[in-house]
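Student: Kindly generate the corresponding structure for this input.
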Amino acid sequence: MKWLTDIFGSKKQSKRKVDYFQITSDWNAHPVSPEIQLEINGDSLTMEISVNHLVFDDFEEGDKAKITFQNCTIYSLNHCNDEGYYYGQYRTNPNELPWGEFYEIKSGLDRIFPEPVTIMNKEQEGKRHYIFFFKDETFECLADDFKLELQDEKGNRKRLNYSYKLRPAYNSSELLIEFVKIGDADRFIERLLDLLSKNGFSFDDITDVWMNDEVWIHLRSSNGKTTITKDIWDMIFILGEENQTDIKKINQILIDSGEFEKVEVNPEDYKKKENESTTKN
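Tutor: Residues are numbered from 1 along each chain as shown. As a prediction, the model looks like this:
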């Protein structure tokens, strides 16, 4: 499956000076007039921008991206534009970090932000480093995490292309994720794996359970292992019986992506009656 390698890369990769992952893959800011608005709400910083409807067919003129940086401690919206960046006027350059996208910086770029700098909280340990390049400005901040909402001009959420349930396994307290609206299953799995690969998950192994016509895709992260299962009816689950931390993390990743609607459930519905036969998760 070459597409797995395309998503996760080979195990032997050259070390980049700036280690990052790109958040903007199928959306981006307007290339000329992003109309950036910042608002501080307690410990969080909210950025609202116009999205690029000229390139991405899912969007129309007037659509917005609302990005909430949670527990933000420091940010800079400085005046380095695209021309200045290509002329080497920033502390990194296009060869190390391509201009024009929204990134999380893992390592290799210092946290000395250009002026003007706004300090919201002096506690910066353990914060995640984000950078977003716009036509005429560059934004950087440190925050615990971010939440993305894509909206139309009336403020209604867009791009809820898929839906899922975070629910207990039958007769168990262990949580799993069940997808209930996916469209084409193979294309959906590629999109899901691409999303997870950008958030700290790597490919571990794949198992073809031929007796049940199932495919199990095993992933790993710093917390342990999780498994994506797909059966003959294209029912897709994410299981982590010994890794509930990642099940909860994936739940947040799905919400923050702006593409998934979380369907609320009643945990009591997943408790078996004594006279019910064993039911597959």
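Student: all contacts plus neighbour counts: C-alpha atoms, from now on.
Tutor: Will do.
Student: Poorly predicted segments of this protein, please.
Tutor: Residues of the chain that meet the criterion pLDDT under 70 lie in 1-15, 210-212, 273-281.
Student: What residue spans form the domains of it?
Tutor: Domain ranges of the chain: 16-151, 162-270, per automatic domain parsing.
Student: Pull up the distance across the shortest one, start to finish.
Tutor: If I follow you right, that is domain 162-270. 22 Å (CA to CA, to the nearest Å).
Student: ditto for stretch 67-75
Tutor: 14 Å.
Student: how far is stretch 27-41 from where the chain is centred?
Tutor: Taking the mean of its C-alpha atoms, stretch 27-41 sits 18 Å from the chain's own mean (CA atoms, centre = their mean, to the nearest Å).
Student: With stretch 67-82 instead?
Tutor: Per CA atoms, centre = their mean, the centroid offset for stretch 67-82 relative to its chain is 18 Å.
Student: again with stretch 227-243
Tutor: Put simply, stretch 227-243 sits 20 Å off its chain's centre (CA atoms, centre = their mean).
Student: Can you list the buried residues in it?
Tutor: Under the neighbour-count criterion of 16 or more other CA atoms under 10 Å, stretch 227-243 has 227-230, 234, 236-241, 243 buried.
Student: How about stretch 19-39?
Tutor: Residues of stretch 19-39 classed as buried by neighbour count (16+ other CA under 10 Å): 20, 22-23, 27-31, 34, 36.
Student: Likewise for stretch 119-135?
Tutor: 120, 127-135.
Student: Which residue is the nearest non-sequential neighbour of Gln151?
Tutor: Arg157 (4.4 Å; CA to CA, 6 or more residues apart in numbering).
Student: Let me know whether that neighbour touches Glu149 as I believe.
Tutor: Yes - here Arg157 lies in contact with Glu149, judged by CA atoms under 8 Å, at a distance of 6.6 Å.
Student: which of these two has more neighbours?
Tutor: Taking other CA atoms under 10 Å, Arg157 and Glu149 do not tie; Glu149 has more neighbours (21 against 17).
Student: For that one, name its beta-bridge partners.
Tutor: Judged by DSSP bridges, the bridge partners of Glu149 are Lys66.
Student: show me what contacts it?
Tutor: Going by CA atoms under 8 Å, 6 or more residues apart in numbering, Glu149 touches 65-67, 157-158, 256-258.
Student: can I get the residues you listed in a markdown table with distance to Val180?
Tutor: Converted to a markdown table, the contacts of Glu149 look like this (distance: CA to CA, whole Å):
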| residue | distance to Val180 |
| --- | --- |
| Ala65 | 25 |
| Lys66 | 26 |
| Ile67 | 26 |
| Arg157 | 19 |
| Lys158 | 18 |
| Asp256 | 18 |
| Ser257 | 17 |
| Gly258 | 16 |
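Student: among those, which two are most distant?
Tutor: Greatest spatial distance among the contacts of Glu149 (CA to CA): Ile67 and Lys158, at 13.7 Å.
Student: Checking Asp194 next. Helix, strand or coil?
Tutor: The three-state label given to Asp194 by DSSP: H, G, I helix; E, B strand; the rest coil is helix.
Student: and it, how far is that from Phe201?
Tutor: For Asp194 relative to Phe201 (CA to CA), the value is 10 Å.
Student: Please identify which of those two sits among more neighbours.
Tutor: Each of Asp194 and Phe201 has its neighbours counted (other CA under 10 Å); Phe201 has more, 22 against 19.
Student: how far away is the more buried one from Pro116?
Tutor: If you go by CA to CA, the gap between Phe201 and Pro116 works out to 35 Å.
Student: Then Ser50?
Tutor: Ser50 is 23 Å from Pro116, where distance means CA to CA.
Student: Can you redo the buried residues of stretch 119-135 as a markdown table, where the extra columns are secondary structure and distance to Leu175?
Tutor: As requested, the buried residues of stretch 119-135 are arranged in a markdown table below (DSSP: H, G, I helix; E, B strand; the rest coil; distance: CA to CA, whole Å):
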| residue | secondary structure | distance to Leu175 |
| --- | --- | --- |
| Met120 | coil | 36 |
| Lys127 | coil | 28 |
| Arg128 | strand | 27 |
| His129 | strand | 30 |
| Tyr130 | strand | 30 |
| Ile131 | strand | 33 |
| Phe132 | strand | 34 |
| Phe133 | strand | 38 |
| Phe134 | coil | 40 |
| Lys135 | coil | 43 |
